[in-house]
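No sequence on hand, only this structure:
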């Protein structure tokens, strides 16, 4: 059995959301897209379901937060390099997103946050392969830098 991941976001403007995520380089699956929701394809197993607030409300009895003012979740997506992180964030900013804080550079990991036009928080990160293999502290020790952030 393969595992698929569906991350659900709310939007106030479905067409704007589709355009934003397409600008990041993702595609929209038309078979699972209608006036209520859009299926954003990140990979063969990972999807964002961007849903109107009204439609999203049909799946829960809980209060739906306003992602412009409250954090419900942060989705972190790895990239192949620091340059790839910068490139995808630049595309997101050009497409109407915002960067809520400066880039974070921890030596072993480089991360930038991007909010979509509805305030949903995405983090794009690159982690040095040796840090993934050995752990951040061992990698930083080898680099002679300790495990402190240089943000």
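Everything's here; your move. As the structure is a computational prediction, the values presented were derived from the model and not from experiment.

For the helix or strand encompassing residue 88, which helices and strands make contact with it?
In the assignment (DSSP states H and E), residue 88 maps to helix 82-94. Using 3 or more CB pairs under 8 Å, 6 or more residues apart in numbering; DSSP states H and E as the contact criterion, the secondary-structure elements in contact with helix 82-94 are helix 14-23, strand 109-115, strand 121-127. Glycine gets a C-beta too; all of them are placed from N, C-alpha and C.

the inter-axis angle of that helix versus strand 109-115?
Going by axes from the mean of the first three to the mean of the last three CA atoms, to 10 degrees, helix 82-94 is angled at 10 degrees with respect to strand 109-115.

Compute the number of surrounding residues for residue 31.
By the measure other CB atoms under 10 Å, the count of residues near residue 31 is 7.

try residue 83
With neighbours defined by other CB under 10 Å, the count for residue 83 comes to 11.

okay if I get the helices and strands packed on helix 82-94 as CSV plus distance to residue 36, mean pLDDT and mean neighbour count?
Putting the helices and strands packed on helix 82-94 into CSV (distance: least, CB to CB, whole Å; pLDDT from 0 to 100; neighbours: other CB atoms under 10 Å) gives the following:
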stretch, distance to residue 36, mean pLDDT, mean neighbour count
helix 14-23, 8, 98, 18
strand 109-115, 22, 97, 21
strand 121-127, 22, 96, 19
